[in-house]
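**Student:** Provided below are the primary sequence and the corresponding predicted coordinates.
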Amino acid sequence: VQLSMTTNKAGIEWLSRELKPQGIRVHTLRFPYDLAPSHIDCTFVPLRPGLVLTNPDRPIAKKDAECFRKAGWRFIDAPEPNNAVRPAFSQSSKWLSMNVLSISPTCVVVEEQETNLQALLEKEGFDIITVPFRAVYEFGGGLHCSTWDIRREDRCEDFFGGLSESCYSLQPGSYGIVTNPTQVYCSTPVFAAEDNSEWMAGIKEDTTLARTFSTQASTTPIGYDGLKSRANKSEWTTITEEFDGDRLDIDGHPVMQRWEEPYMAAPAKVAASNGGRVLEVGFWLGLSADAIQSYDTVDEHIVLEANANVFARLEAYAEKSQRPVTPIGPAL
């Protein structure tokens, strides 16, 4: 289960109430780089007790990962999909490739084109069943999305025994869904995951960029986990960026990643297709800037950027740009 665009807080609370009498606890996970979550099964897929298939573009929050690792769990990153081109009407990401169906601790069903993933799982000792399923991607789901257990012979087991209560809770209190949790898990773990990143995790009252969910008479503040308010907002200009060419973090939080390029191109098209002077707020990775520069009718491209590190990259970009770029900031 995950708090996302397809599962709301009320549903998670209902699931928690229904499973609690059976000794099964629902808890939360965070994925800081998943900014528009739908299903957790393209991000974090338990294959068998102690082994999880993870999305290299959407790593689990470090604190949550530590709890798994202390209990002996191991993470393996899914390889790049063999076919990264999405069908025309698919609303899912290329990572439907890792949407597999684990039917036993030694057997996994995988889409037949995903030979990279098949090879990885074979090295982990799995028997692989391949199924031609890519045509279903157009409807927004993969093998795991399209199946559901209706009967299963199983028993409850504790896969996190001996850990401290802080690891058991995994910040469940942000949604009020766990009270006095037990240490019992089913052999297929049940996760209530805040799959839409740390800005969907519980935060303290003094944080910025907070949002509020309201259910019934109560409200729960949410937003970037651990991002503190700054008395002097000009401090933003001096925070050192973390930039590797494909991903930009500032103050320990995600700003932009390379995979967002097609999304950045869409508003750039709206802004620049008629030419003239175009104003862009925030340079970041330069993805929308590249798209704007592709329009020969643009007379001037004005870019505002408050962070000094990013602004330095913007100035270097302006010197080499195809069309006139006017950088403004961070002293603005």
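**Tutor:** Nice, I can see it.

**Student:** For the stretch 151-300 of the chain, just list every one of the strands.
**Tutor:** 156-157, 185-186, 201-202, 211-215, 218-223, 241-243, 247-250, 253-257, 276-281, 298-304 (DSSP state E, counting those that start in this stretch).

**Student:** Check the average confidence over the fifth one, would you?
**Tutor:** Per-residue pLDDT values over strand 218-223 give a mean of 38.

**Student:** so where do the helices sit in the chain?
**Tutor:** Ranges of helices in the chain, per DSSP state H, are 9-19, 62-70, 115-123, 165-169, 261-272, 287-293, 308-320.

**Student:** looking at those, which is closest to Glu153?
**Tutor:** Among those, helix 9-19 comes nearest to Glu153, with 18.2 Å by Cβ to Cβ. No exception for glycine: its C-beta is placed from N, CA and C like everyone else's.

**Student:** distance between that closest one and the chain's centre?
**Tutor:** 22 Å (Cα atoms, centre = their mean, to the nearest Å).

**Student:** for stretch 52-63, same thing?
**Tutor:** Worked out by Cα atoms, centre = their mean, stretch 52-63 lies 8 Å from the chain centre.

**Student:** Could you shift the numbering so residue one becomes 58, and keep it that way?
**Tutor:** Got it, the first residue is 58 from now on, which makes the last one we talked about stretch 109-120.

**Student:** Could you list the buried residues of it?
**Tutor:** By neighbour count with 16 or more other Cβ atoms under 10 Å, stretch 109-120 contains the buried residues Val109, Leu110, Thr111, Asn112, Asp114, Arg115, Pro116, Ile117, Ala118, Lys120.

**Student:** Export that stretch to PDB, keeping only CA atoms.
**Tutor:** The C-alpha atoms that make up stretch 109-120 are tabulated as PDB, following Å, rounded to 0.1, in the frame of the first residue of the first chain:
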ATOM      1  CA  VAL A 109      14.400  -6.100  -2.300                       C
ATOM      2  CA  LEU A 110      14.500  -4.900  -5.900                       C
ATOM      3  CA  THR A 111      15.000  -1.200  -5.900                       C
ATOM      4  CA  ASN A 112      14.700   1.700  -8.400                       C
ATOM      5  CA  PRO A 113      18.100   3.400  -8.900                       C
ATOM      6  CA  ASP A 114      16.300   6.700  -9.800                       C
ATOM      7  CA  ARG A 115      14.100   6.600  -6.600                       C
ATOM      8  CA  PRO A 116      16.200   5.300  -3.700                       C
ATOM      9  CA  ILE A 117      14.600   4.700  -0.300                       C
ATOM     10  CA  ALA A 118      15.300   7.400   2.400                       C
ATOM     11  CA  LYS A 119      18.500   6.600   4.200                       C
ATOM     12  CA  LYS A 120      16.900   6.300   7.600                       C
END
